[in-house]
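Undergrad: got a structure for you, letters missing:
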């Protein structure tokens, strides 16, 4: 199994490869107007009939190489040349908009899944099923992850989510069992806190990272992004406030990204953390660190632990050239095939989107088996709100900052609901 994984800039919630959340969310109305106003049909440039372009965010050397190798294999199989154009993840949407306006869109664009609905809403993407792609063997949650209003626009090669990472040595020395419920997590975090060490580290910053990390608590508690001021969402934020009041979370939690959280865990300043598989390779560079992984604790024993799906999806832009779109669909099908998914997932530590590939993946990386269980119950952030998700994300980001620095959760979330509804 390959263990190559260089640390990459974190964006969406995640600035790294989000599931991680990655980016600063663009205002829905502004993006929609730009996409709708762009000439999304018709080719504005002469294209080489046997050369196809994929735009992605694989600016990291290892990811760029893995993608280049996959594209070379698929190009050979299909008898075409596939060129890779990589731009920083935060620039994919704006780059795609500029290219749409100049009628120079690439044949395939890899969007962060949370951004894809905004482009799809304006008619900028082609239904992959019309291009022959099948969703067979793909779990419903992952199909929804790449869909907008029931139409399948984005094929995921791999997905990720969050889990509870813990320092085995620290828990063993303290005689603390891995927590499975909120009560157990709160008690364990309090017991493990002492000196410079906090019991738990998580990201509650005013960016998508914090929202990504809040969703498991909100959803597992029965909360819903369509009603941010509902009692279940308030209860989840109150739980975060309780951890902070206990001293189990650092006050810096409100400014930490997921990368910062991982740094604290690796330095021994946190006994447990909420984070994702993109941190695994970095964790493994510290040989003295013995870590384990478990599902994120739930409010009540037996309740499902529902986390957010993260990752990117391969899409085919609507260029008006049906022949090239069909060929681009074949390229997407190859890149997202079971064999290619497994190769990509083993390189990146993500979980294959295809259920059969994921089953093989479990046998190859048994230490991350709990992550596969977490993915099985995970949800897409845009499943209910589609292109409306960015407004909710921004509203929640503001609510965290207010509630964790003194305001009541109820008041902060009431304001968040008002902001999400009004778009202000």
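TA: Sure, I can see it. Nothing here was measured: the structure is a model prediction, and the numbers come from that model.

Undergrad: what about the chain, any weak spots by pLDDT?
TA: Low-confidence segments of the chain, defined by pLDDT under 70: 1-48, 423-424.

Undergrad: Let me know the secondary structure of residue 109.
TA: With DSSP: H, G, I helix; E, B strand; the rest coil as the basis, residue 109 sits in strand.

Undergrad: Counting neighbours, what do you get for it?
TA: 29 (other CB atoms under 10 Å). From N, CA and C alone the C-beta is placed, and that goes for glycine too.

Undergrad: right, and it touches residue 315 too?
TA: Yes: the pair residue 109 / residue 315 is scored as a contact, 5.3 Å apart, by CB atoms under 8 Å.

Undergrad: any shared contact partners between those two?
TA: residue 119 (CB atoms under 8 Å, 6 or more residues apart in numbering).

Undergrad: got a list of what residue 378 touches?
TA: 141, 159, 161, 306, 307, 308, 309.

Undergrad: now do 10 Å
TA: Each residue near residue 378 by CB atoms under 10 Å, 6 or more residues apart in numbering is listed here: 19, 139, 141-142, 145, 159-162, 215-216, 219, 305-310, 351, 371.

Undergrad: In helices, which of these appear?
TA: Using DSSP state H, the subset of the contacts of residue 378 located in helices is 141, 142, 145, 215, 216, 219, 371.

Undergrad: Tell me the buried residues in the longest helix seen in the chain?
TA: The single longest helix within the chain, with elements called by DSSP H, is helix 61-78. Using 16 or more other CB atoms under 10 Å as the burial criterion, the residues of helix 61-78 that qualify are 62, 63, 66, 67, 68, 70, 71, 73, 74, 75, 78.

Undergrad: chain center to that helix, what's the gap?
TA: Relative to its chain's centre, helix 61-78 lies at 22 Å (CA atoms, centre = their mean, to the nearest Å).

Undergrad: Helix or strand next in line after it, which one?
TA: Downstream of helix 61-78, the next assigned helix or strand under DSSP states H and E is strand 81-86.

Undergrad: For the stretch 201-350 of the chain, which segments count as helices?
TA: Ranges of helices within the stretch 201-350 of the chain are 208-220, 231-246, 258-266, 280-283, 322-335, 338-348, based on DSSP state H, counting those that start in this stretch.

Undergrad: How about residue 393: what's its closest non-neighbour residue?
TA: Of all residues not flanking residue 393 in the chain, residue 211 sits nearest, at 4.9 Å (CB to CB, 6 or more residues apart in numbering).

Undergrad: Quantify the burial of the one you found by counting its neighbouring residues.
TA: 31.

Undergrad: okay but it is in contact with residue 420, surely?
TA: No: contact criterion CB atoms under 10 Å: residue 211 and residue 420 do not qualify, at 11.8 Å.

Undergrad: between these two, what contacts are shared?
TA: In contact with both residue 211 and residue 420: 225, 389, 392, 393, 394, 395, 396, 399, using CB under 10 Å, 6+ apart.

Undergrad: distance of the closest residue in space to residue 380 that isn't next to it in sequence from residue 323?
TA: Computed as CB to CB, 6+ apart, the closest residue to residue 380 that is not its neighbour in sequence is residue 145, at 4.1 Å. The spacing between residue 145 and residue 323, counted by CB to CB, to the nearest Å, is 29 Å.
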